[in-house]
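Quick one, fold the following:
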Amino acid sequence: MDSPDPVVLARIQFAANMTFHILFPTISISMGWALLFFKTRFTGTGQAHWMDAYQFWVKIFALTFALGVVSGITMSFQFGTNWPGFMTTVGNVAGPLLAYEVLTAFFLEATMLGIMLFGRGRVSERVHTLATFLVAAGTTASAFWILALNSWMHTPAGFEMVNGQAHVTSWLEVIFNPSFPYRFAHMLIASGLTVSFLLAGISAYRWLKNDRGADVLASLKTGLCVAAFLIPIQIFVGDLHGLNTLHYQPAKIAAMEGIWETQSGASAVLFGWPDAASKSNKFEIAIPKLASFYLTHDWNGEVKGIKAFGDKHPPVAPVFWAFRIMVGTGLLMLAVSWFGAWKIRTPQHFPVWLAQVLVAMTFAGWVALIAGWYVTEIGRQPWLVYGVLTAAQAASQVPAGPIALTLALYLTLYVALLFSYARVVFHLAKKATLKEALTGGPGTDAGATPANALNGRVQHV
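Below is the predicted model of the structure:
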C-alpha cells in the first residue's frame with residue numbers, strides 16, 4: 001500500500017487548523033460591533049436591559065476572543081514546519097502584512113479588552129464605551145490585514161520576482177489588490193451574519209426556557225433584523241466577487257459551476273455528481289444558458305470549461321459541493337431571518353417552532369462560512385500564490401508519518417474544543433436564564449416570586 005502524500009497531508013493539516021481558527025475571529029469581528037450597539041443604546045436611552053444584553057454577550061465575546069488567539073498561534077508554526085517555501089518565496093510580502101496586523105490591530109484589541117471586560121465602574125461610561133469601540137475597530141483592522149494577504153495570494157499585484165523571490169514595488173497595489181475589496185466586504189458581511197444567527201439562536205434558546213425579558217428580546221430582535229438586512233447585500237457582493245473571480249481565476253468558477261467543456265450559452269448545473277475520471281457530471285440537472293447569463297450577463301456568453309486548463313485546475317467535486325452548501329445555507333438563512341424579523345414585531349405571538357429552528361441554526365453562519373472558505377481556498381489549487389507558487393513547491397520535506405500524527409492530534413483537540421465551546425455558550429445562556437428567574441431580573445412582573453418568575457416575562461422591545 002502506497003504511503004500518503006506528505007503534501008496532501010500538509011494541506012489537510014493546514015486546512016484543519018485554519019478551519020478551526022477562522023470560526024472564532026468570524027464571531028469576534030462582528031460581536032465587538034454588536035456590543036458597541038448594546039452599549040450605546042444603554043447610554044442613549046438609560047434602559048437597563050441594553051446593559052443586561054451587553055453583560056451577557058461580552059462573556060461570549062471574551063471566550064471567543066481567547067480561543068481565536070490560541071488557535072491562531074499554531075498557524076504561524078506551520079509556515080516553518082510544513083510550508084517553508086512560502087516564506088522563502090513571498091516572505092517579503094507576507095511578513096510585513098502579518099506584522100502590521102499584530103502592531104496595529106492585535107495590540108489595540110489586547111490593550112482595550114481589559115478595560116472593556118473589567119473597567120466598567122472603574123472608569124467613566126464614556127471611557128468604557130470608547131474601549132468597546134476600539135476593541136471592535138481592532139478586530140476589524142485585524143481582518144483587514146489578514147484578508148489583504150489572503151487576497152494577494154489569489155490576485156497578486158504590486159511586486160516583481162528577483163532571483164526567485166517576490167519584492168514589493170507598490171504596497172498600495174499589494175494591499176488593495178484586485179480581489180481585496182470584494183473579499184474584505186464578503187468576509188465582514190459573513191461575520192455579521194454569523195453573529196446575527198448566534199444572537200438569534202441563543203436568545204431563542206433562552207426564550208424557549210421562558211426567559212422572555214427585554215434583554216433577551218432585544219438580542220433576538222437585533223439578530224433577526226441585522227440578518228434580514230445583511231443577506232441581500234451579501235448576495236449582491238457575492239455576485240460581484242464571483243465576476244471578479246471569473247476574470248482572475250476562471251478555473252475556480254468552472255469547478256464551482258461544474259462546467260467541463262468551454263461553451264457559449266453555458267447551463268447552470270443545479271445538481272450533479274462531478275466525475276473526474278470521465279470529466280463529466282453524472283445525474284446532472286441544469287437550466288440551459290443560465291450560467292452564461294449570470295456570469296457574463298449575456299445568454300450566449302462564453303464560459304471556459306475545466307478541460308481548458310489542463311492539469312492546472314482545482315479538484316472539482318469539493319469546490320462544486322462546497323459552493324452549493326454555501327448557497328443553500330445562505331438561502332435558508334434568508335428565508336428564516338425575513339420571516340423571523342416579521343414575526344418578532346409581536347413577541348407574544350412569536351412561534352415556538354420558529355424559535356426551535358433558530359436554536360438549530362445558531363451556528364448556521366459557521367456552515368456557510370466554512371463552505372465558502374473551502375470554495376475559495378480549494379478553488380485556488382494547485383496554486384498557493386496564484387500563478388507564482390504552487391503548494392508542491394512551497395511544501396517542506398517532512399515525511400508523511402509525523403504530519404499524519406500531528407494531524408490526528410490536532411483534529412482530536414479541535415473536536416473537543418469545539419464541542420466544549422458550544423456547551424459553554426449554551427451553559428451561559430441557561431445560567432443567565434436561571435439567575436434572572438431566581439432574582440426576578442429584567443422582565444419579571446412586580447411581585448413575582450422565584451417560583452413563578454419564569455411564567456410572566458413577556459415584554460415588548
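
Output the below-cut-off pLDDT ranges for this structure.
Scanning the chain with the threshold set as pLDDT under 70 gives 1-3, 436-461.

residues touching residue 319, list them.
Taking Cβ atoms under 8 Å, 6 or more residues apart in numbering, we find residue 319 in contact with 252, 255, 256, 374, 375, 378, 379. (C-beta placed from N, C-alpha, C; glycine too.)

can you rerun that using 7 Å?
Applying Cβ atoms under 7 Å, 6 or more residues apart in numbering, we find residue 319 in contact with 252, 255, 256, 375, 378, 379.

Wait, a helix at it?
Yes: assignment of residue 319 by DSSP: H, G, I helix; E, B strand; the rest coil places it within a helix.

Look up how far residue 235 lies from the nearest residue to it once chain neighbours are set aside.
In this structure, residue 319 finds its nearest non-sequential neighbour in residue 255, 4.1 Å apart by Cβ to Cβ, 6 or more residues apart in numbering. Counting by Cβ to Cβ, to the nearest Å, the separation of residue 255 from residue 235 is 21 Å.

which of those two has more neighbours?
A direct count of neighbours by other Cβ atoms under 10 Å for residue 255 and residue 235 places residue 255 higher, at 28 against 14.

Quick check: that one vs residue 434, distance?
Residue 255 sits 50 Å away from residue 434, going by Cβ to Cβ.

With residue 94 instead?
Using Cβ to Cβ, residue 94 is found at 48 Å from residue 434.

Repeat that for residue 156.
54 Å.

likewise residue 22?
To residue 434, residue 22 is 33 Å away according to Cβ to Cβ.

Who has more neighbours out of these two?
Set side by side, residue 22 and residue 434 show more neighbours around residue 22, with 19 against 14, by other Cβ under 10 Å.

Give me the neighbour count for residue 259.
There are 27 residues near residue 259, going by other Cβ under 10 Å.

do the same with residue 35
Using other Cβ under 10 Å as the criterion, residue 35 is surrounded by 23 other residues.

Same check on residue 343?
15.

May I have the secondary structure class of residue 284?
Following three-state DSSP, the label given to residue 284 is strand.

do the same with residue 259
Of the three states, residue 259 takes coil under three-state DSSP.

Ramachandran coordinates for the nearest residue to it once chain neighbours are set aside?
In space, and not counting its chain neighbours, residue 259 is closest to residue 305: 4.9 Å by Cβ to Cβ, 6+ apart. When read as degrees, to the nearest 10, the backbone of residue 305 gives phi -90, psi 170.

doesn't residue 258 make contact with residue 305?
No: checked against Cβ atoms under 7 Å, the pair residue 305 and residue 258 is beyond contact range at 9.7 Å.

Neighbour count: the two, which is higher?
Legend: neighbour count by other Cβ under 10 Å for residue 305 and residue 258, higher for residue 258 (28 against 20).

Tell me how many other residues crowd the residue nearest to the more buried one when sequence neighbours are not counted.
Leaving out its chain neighbours, the residue that sits closest to residue 258 by Cβ to Cβ, 6+ apart is residue 269, at 4.2 Å. Neighbour count for residue 269, taken as other Cβ under 10 Å: 21.

quick one: residue 269 from residue 277, how far?
According to Cβ to Cβ, residue 269 and residue 277 sit 18 Å apart.

What of residue 75?
Using Cβ to Cβ, residue 75 is found at 35 Å from residue 277.

Kindly report the same for residue 166.
37 Å.

of the two, who's got more company?
Applying other Cβ under 10 Å to residue 166 and residue 277 shows that residue 166 carries more neighbours, namely 22 against 5.
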